[in-house]
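Novice: no sequence for this one, just the structure:
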């Protein structure tokens, strides 16, 4: 970590800081957190590499004007990796229907219906390569009874997660054919298998712009008002190649992100025929490429007061404000794990079948029998916000003793769980 504080001149102050953080942890036996086998050979590693730069410049224009400029940049890379990453097991034993991408290859996960612990590699590994930039500009004006502050905030985020669920395949053996789950495994007679097709990755982008103004007005020696207004525009996340899809519940159709001309990324071609209901492009549906209705009017007024009475022995305070929230982008990444860009292909053997017709080696080449669904957020999703009000009284009982009573209430509207579907 490196830090610099430097006074450029009597009215100019410069600050800069650069910091790094690196972690590389290996669990050779796993931890069971990802349901991996707790024996040698099926462990995982966890890596994080972070670089952060922050700088600010403060300049005074005489005794009544202060300007502050701040910038920040950060990158975070790493995630979870199998110790068997790149292992060619599937190729060596001719296991079909699983990934051949060297970033995701390894051992399949095996479940014996509770007879033994699950063994094999975990079905889910998550990595990311994110970067963001932010800029603050604040101005403070001292105008006697009025102390005015206004400014702006800009934020740019590159969100690049990868979550290739079930890429190596997962097989379940229950004893349906021999009466013993482990015997079914040895003979290669699974009752269920699943394989993730695609990488569940996203190259997301978003930009925010926030503006605010605030006036602290001292009306009298014993009375102060605080008035402010904040405007926020948070662009909905989009993928640079439009590799996102959602479901229009009202129209009963898939909506696939596209450019303004209705062109869908070519990576959709492999799986687009797996969509079981009608589908349209976002351009045809009149949706933006982020697949959410833009929220362009987001205003947050705030007001407060402080009144001193009884020779300033008592102070009465009150306030009201609206505070806007921002949903977690980890929820939005579900759009990247829908058809036609990602598909959890599942094959199940009916429970009344006693003569096996499918084997481990080629079961995942059969037609899918599982349900086709999607994890979405409603197009008309509105980011939640809270209205907060408060009041309080402070009273000086003696020179060294003060009593205080206060109240605060909050009412939250549009909580996330009302408009997010099939997302745990």
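Specialist: In hand now; what should we look at? Bear in mind that the values here come from a model prediction, so they are computed numbers and not experimental data.

Novice: where do the helices sit along this structure?
Specialist: Per DSSP state H, the chain has helices spanning 89-93, 181-187, 282-285, 329-332. These are given in chain order.

Novice: Give me the most central residue, the protein.
Specialist: When the chain is reduced to its mean C-alpha position, the closest residue under Cα atoms, centre = their mean turns out to be residue 330, at 1.9 Å.

Novice: how near is that residue to residue 215?
Specialist: The span separating residue 330 from residue 215 equals 38 Å under the rule Cβ to Cβ, to the nearest Å. From N, CA and C alone the C-beta is placed, and that goes for glycine too.

Novice: just residue 153 next, same as before
Specialist: In this structure, residue 153 lies at 19 Å from residue 215, with Cβ to Cβ as the measure.

Novice: Residue 267 too?
Specialist: 52 Å.

Novice: swap in residue 149?
Specialist: Using Cβ to Cβ, residue 149 is found at 8 Å from residue 215.

Novice: Need the winner for burial among the helices of the chain.
Specialist: Of all the helices of the chain, helix 282-285 carries the top mean neighbour count, a mean of 20, counting by mean count of other Cβ atoms under 10 Å.

Novice: Need the contact partners of it.
Specialist: Taking Cβ atoms under 8 Å, 6 or more residues apart in numbering as the criterion, the residues outside helix 282-285 that touch it are 242, 248, 251, 255-262, 288-289, 291.

Novice: which among the residues you listed gets closest to residue 275?
Specialist: residue 256 (8.6 Å; Cβ to Cβ).

Novice: so residue 55 bridges to which residues?
Specialist: According to DSSP bridges, the partner residues bridging residue 55 are residue 16, residue 71.

Novice: hang on, isn't it packed against residue 16?
Specialist: Yes - under the criterion of Cβ atoms under 8 Å, residue 55 makes contact with residue 16 at 4.3 Å.

Novice: Select only the buried ones of the contacts of helix 282-285 in ChimeraX?
Specialist: To isolate the buried ones among the contacts of helix 282-285 in ChimeraX, judged by 16 or more other Cβ atoms under 10 Å, type:
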select :242,248,255,256,257,258,288,289,291
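
Novice: Could you pick out which of the contacts of helix 282-285 are located in strands?
Specialist: 248, 255-256 (DSSP state E).

Novice: that older thread, any chance of JSON lines for the contacts of helix 282-285, columns distance to residue 324?
Specialist: Written out in JSON lines, the entries for those read as follows (distance: Cβ to Cβ, whole Å):
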{"residue": "242", "distance to residue 324": "27"}
{"residue": "248", "distance to residue 324": "26"}
{"residue": "251", "distance to residue 324": "29"}
{"residue": "255", "distance to residue 324": "26"}
{"residue": "256", "distance to residue 324": "30"}
{"residue": "257", "distance to residue 324": "25"}
{"residue": "258", "distance to residue 324": "29"}
{"residue": "259", "distance to residue 324": "30"}
{"residue": "260", "distance to residue 324": "29"}
{"residue": "261", "distance to residue 324": "34"}
{"residue": "262", "distance to residue 324": "33"}
{"residue": "288", "distance to residue 324": "20"}
{"residue": "289", "distance to residue 324": "23"}
{"residue": "291", "distance to residue 324": "21"}
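
Novice: ok, so of the contacts of helix 282-285, who is nearest residue 361?
Specialist: Of all the contacts of helix 282-285, the one sitting nearest residue 361 is residue 256; the distance, using Cβ to Cβ, is 33.7 Å.

Novice: Just give the closest residue to the closest one, not the sequence neighbours.
Specialist: Leaving aside its sequence neighbours, residue 256 sits nearest to residue 245 (Cβ to Cβ, 6 or more residues apart in numbering; 4.7 Å).

Novice: Run a quick neighbour tally on the one you found.
Specialist: Around residue 245 sit 27 other residues, with neighbours defined as other Cβ atoms under 10 Å.

Novice: Would you map the strands across the stretch 51-200 of the chain?
Specialist: With DSSP state E, counting those that start in this stretch as the criterion, the stretch 51-200 of the chain has strands at 65-82, 109-111, 119-120, 127-143, 146-159, 161-162, 170-172, 192-197.

Novice: The stretch 251-400 of the chain now?
Specialist: 253-256, 279-281, 299-309, 314-324, 343-348, 376-377, 385-398.

Novice: Where does pLDDT dip in the chain?
Specialist: 30-38, 415-424 (pLDDT under 70).

Novice: quick one: the nearest residue to residue 73 once chain neighbours are set aside and residue 17, what's the gap?
Specialist: Among residues not flanking residue 73 along the chain, residue 53 sits closest, at 4.6 Å (Cβ to Cβ, 6+ apart). Counting by Cβ to Cβ, the gap from residue 53 to residue 17 is 7 Å.

Novice: that older thread, how about TSV for the strands of the stretch 51-200 of the chain, with distance to residue 324 and mean neighbour count added?
Specialist: Conversion of those to TSV gives the following (distance: least, Cβ to Cβ, whole Å; neighbours: other Cβ atoms under 10 Å):
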stretch	distance to residue 324	mean neighbour count
strand 65-82	21	16
strand 109-111	42	22
strand 119-120	45	22
strand 127-143	17	15
strand 146-159	13	16
strand 161-162	25	19
strand 170-172	41	24
strand 192-197	36	23
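
Novice: how about these in CSV, adding distance to residue 47?
Specialist: Converted to CSV, those look like this (distance: least, Cβ to Cβ, whole Å):
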stretch, distance to residue 47
strand 65-82, 4
strand 109-111, 22
strand 119-120, 22
strand 127-143, 9
strand 146-159, 18
strand 161-162, 13
strand 170-172, 24
strand 192-197, 22
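
Novice: Can you tell me which of those is nearest to residue 334?
Specialist: Of all these, it is strand 161-162 that lies closest to residue 334, at 10.8 Å by Cβ to Cβ.

Novice: The closest one pairs with which strands, parallel or anti?
Specialist: Within its sheet, strand 161-162 is paired with strand 127-143 (antiparallel), according to DSSP bridges.

Novice: and the angle from the partner strand to strand 146-159?
Specialist: Orientation note: strand 127-143 sits at an angle of 170 degrees relative to strand 146-159 (axes from the mean of the first three to the mean of the last three Cα atoms, to 10 degrees).

Novice: Contacts for strand 127-143, please.
Specialist: By Cβ under 8 Å, 6+ apart, the list of residues contacting strand 127-143 from outside reads 63-81, 147-163.

Novice: chain center to it, what's the gap?
Specialist: Computed by Cα atoms, centre = their mean, to the nearest Å, the chain-centroid distance of strand 127-143 equals 20 Å.
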